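Peer 1: The following comprises the amino acid sequence and a computationally predicted model.
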Amino acid sequence: MPADLKAFRSSLLDFIADPFYQAEAESIRYLPDGLLVLENGIIKALGHYDDLQPQYADVPTIAYPDRLIMPGFIDTHIHFPQTEMIAAYGEQLLEWLDKYTFPTERKFQDKAYAQQVASLFLDELLKNGTTTALVFAAVFPESVDAFFEEAQRRHLRMIAGKVMMDRHAPDFLIDTAESSYEDSKRLIEKWHKHDRLLYAVTPRFAVTSTPKQLSLAGKLLQEFPDVYLQTHLCENLKEIELVKQLFPNHQGYLDVYDQAGLVGDKSIFAHGIHLTDAEFDRLSQANSAIAFCPTSNLFLGSGLFNLEKAKSTETPIKVGLGTDVGAGTSFSLLQTASEAYKVAQLRTQKLSAFKALFLATLGGAKALSLDDRIGNFDPGKEADFIVLNLRATPLMAFRNQAPTATSLAALAEQVFAMMILGDDRAISATYILGNLAYGQ
């Protein structure tokens with residue numbers, strides 16, 4: 001088959017190292033006038049336009065003047081069945097689950113309904129520049145099939161799993177330890193590594209799983225060592241108290257998962273707001289990841305994530321951003337990064353735009369152990385990328401009056417304003433494997 005070559009000319013920004021541990025100037029790759037060359041949906045080359053253009057003079061080139069191209073955003077924690085209950089009023093975590101979440105998730109036994117919501121959900125992600133996500137389905141296997149079918153149709157790199165939940169939930173949502181194991185195993189065999197799809201073993205959280213169910217989740221990880229584990233951890237103080245009562249013989253919340261064999265280098269724990277020092281140490285040692293979900297943590301009154309400790313040299317932990325829809329209030333990782341900045345401010349810390357955008361791209365890819373495939377523009381990686389308009393609204397245009405930034409200081413100023421003021425309107429286009437998947 002002849003190579004399908006195409007090129008994109010614009011400003012290009014990505015990350016080649018972690019700016020939490022290296023100087024920002026050394027972590028960033030910025031080309032004010034760059035060329036990104038793709039071959040069959042894979043990145044073939046990138047460089048300054050003047051340097052590369054002669055070599056690829058015959059390649060069809062799409063130009064995005066006055067725009068910024070970045071790798072697609074990566075959402076490390078989101079619930080697709082909660083799409084229709086985003087912005088549900090007045091409760092904190094445990095009451096919110098009972099009042100809103102569980103009744104909503106009941107509808108996902110109907111595959112046709114699940115498919116309809118999955119389609120809207122994925123369209124919303126693409127519109128917001130998110131090209132990969134780690135996704136909770138519902139307890140029903142039909143909801144997983146529906147999600148993966150819709151993701152496959154769009155050629156997306158997505159990770160998802162069936163919720164495992166065998167206690168402390170309504171009868172209509174409960175599975176059993178054995179049925180959750182059998183259902184998950186069947187779904188892994190059907191979907192894991194099928195096209196660009198990957199599977200995550202998904203106990204909702206310690207409160208809703210018996211010790212037997214958690215140990216069977218651990219058995220799945222032993223049988224399929226390259227699948228993921230996703231769950232919730234230390235989100236809410238009442239939740240932590242309840243875990244203590246349910247598991248009195250454990251050394252805290254993380255230890256409940258650890259004893260079941262669920263803490264490893266492909267384990268992603270959502271929230272982690274109220275971790276002890278010992279839990280930070282253990283997550284770092286295990287090379288596990290935390291999904292930082294600021295819009296959700298503020299909306300449910302859960303607390304302020306200690307990002308500076310998670311990204312310290314003493315306990316370095318992989319961290320990605322999560323929108324956590326529907327407790328989170330936006331599908332936009334720009335909005336999520338804006339709230340992350342405010343959480344840091346409330347903790348008298350600073351989160352630069354470059355650090356936040358790292359978390360949304362290469363940091364998220366590292367959290368998902370996918371940085372060999374996505375997350376930046378290194379040749380050989382999959383060409384999922386977004387075109388950003390830093391002047392997308394009248395206010396953003398007034399704030400970002402300068403033309404394309406030629407220095408990192410000017411770029412820092414521009415992308416910070418975009419992160420604070422931007423949302424889905426700032427996403428001009430989203431490309432999946434080099435093909436337009438969404439455009440304004």
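Peer 2: Cool, got the structure. Numbers count the residues shown, from 1 in each chain.
Peer 1: Would you mind giving the secondary structure of the residue nearest the centre of the chain?
Peer 2: The chain has residue 75 as the residue nearest its centroid, 1.6 Å off, counting by CA atoms, centre = their mean. Applying DSSP: H, G, I helix; E, B strand; the rest coil to residue 75 yields a three-state assignment of strand.
Peer 1: That one against residue 132, yeah?
Peer 2: Yes. Using CB atoms under 8 Å, residue 75 is in contact with residue 132, at 7.3 Å. Glycine gets a C-beta too; all of them are placed from N, C-alpha and C.
Peer 1: which residues are common contacts for those two?
Peer 2: residue 364 (CB atoms under 8 Å, 6 or more residues apart in numbering).
Peer 1: Quick check: longest helix in this protein by residues?
Peer 2: Counting residues, the longest helix found in the chain (DSSP state H) is helix 111-127.
Peer 1: Identify each buried residue in that one, please.
Peer 2: For helix 111-127, burial by neighbour count (16 or more other CB atoms under 10 Å) applies to 111, 114, 115, 117, 118, 119, 121, 122, 124, 125, 126, 127.
Peer 1: check contacts around the third one.
Peer 2: With contacts taken as CB under 8 Å, 6+ apart, residue 115 has the following neighbours: 146, 149, 150.
Peer 1: repeat that for 10 Å
Peer 2: Residues near residue 115 by CB atoms under 10 Å, 6 or more residues apart in numbering: 108, 142, 143, 145, 146, 147, 149, 150.
Peer 1: try the second one
Peer 2: With CB under 10 Å, 6+ apart as the criterion, the residues that contact residue 114 are 80-81, 107-108, 121, 137-138, 140, 142-147, 149-150.
Peer 1: Pick out the most distant pair among those.
Peer 2: Greatest spacing in these, by CB to CB: 107 and 149 (17.5 Å).
Peer 1: Check the gap between residue 434 and residue 74 for me.
Peer 2: For residue 434, the distance to residue 74 (CB to CB, to the nearest Å) stands at 18 Å.
Peer 1: Now do the phi/psi pair for residue 28.
Peer 2: phi -100, psi 140 (degrees, to the nearest 10).
Peer 1: Burial check on it, number of neighbours?
Peer 2: Residue 28: 20 surrounding residues under other CB atoms under 10 Å.
Peer 1: Could you do the one 5 residues further on as well?
Peer 2: Neighbours of residue 33 under the rule other CB under 10 Å: 15.
Peer 1: Does it touch residue 46 like I think?
Peer 2: No. Checked against CB atoms under 10 Å, the pair residue 33 and residue 46 is beyond contact range at 11.9 Å.
Peer 1: Could you list the low-pLDDT ranges of the protein?
Peer 2: For the chain, applying pLDDT under 70 flags the ranges 1-2.
Peer 1: now the helices: where do they sit in the stretch 251-400 of the chain?
Peer 2: 253-259, 277-286, 294-299, 307-310, 333-346, 353-360, 362-367, 394-399 (DSSP state H, counting those that start in this stretch).
Peer 1: In the stretch 301-440 of the chain, what residue spans correspond to strands?
Peer 2: All strands of the stretch 301-440 of the chain, identified by DSSP state E, counting those that start in this stretch, fall at 318-321, 385-388, 427-432, 435-439.
Peer 1: Could you point out which of the ones you listed sits nearest residue 184?
Peer 2: Of all the strands of the stretch 301-440 of the chain, strand 318-321 sits nearest to residue 184, with 22.9 Å by CB to CB.
Peer 1: Could you list the paired strands of that closest one along with their orientation?
Peer 2: Applying DSSP bridges to the sheet, strand 318-321 is found paired with strand 289-292 (parallel).
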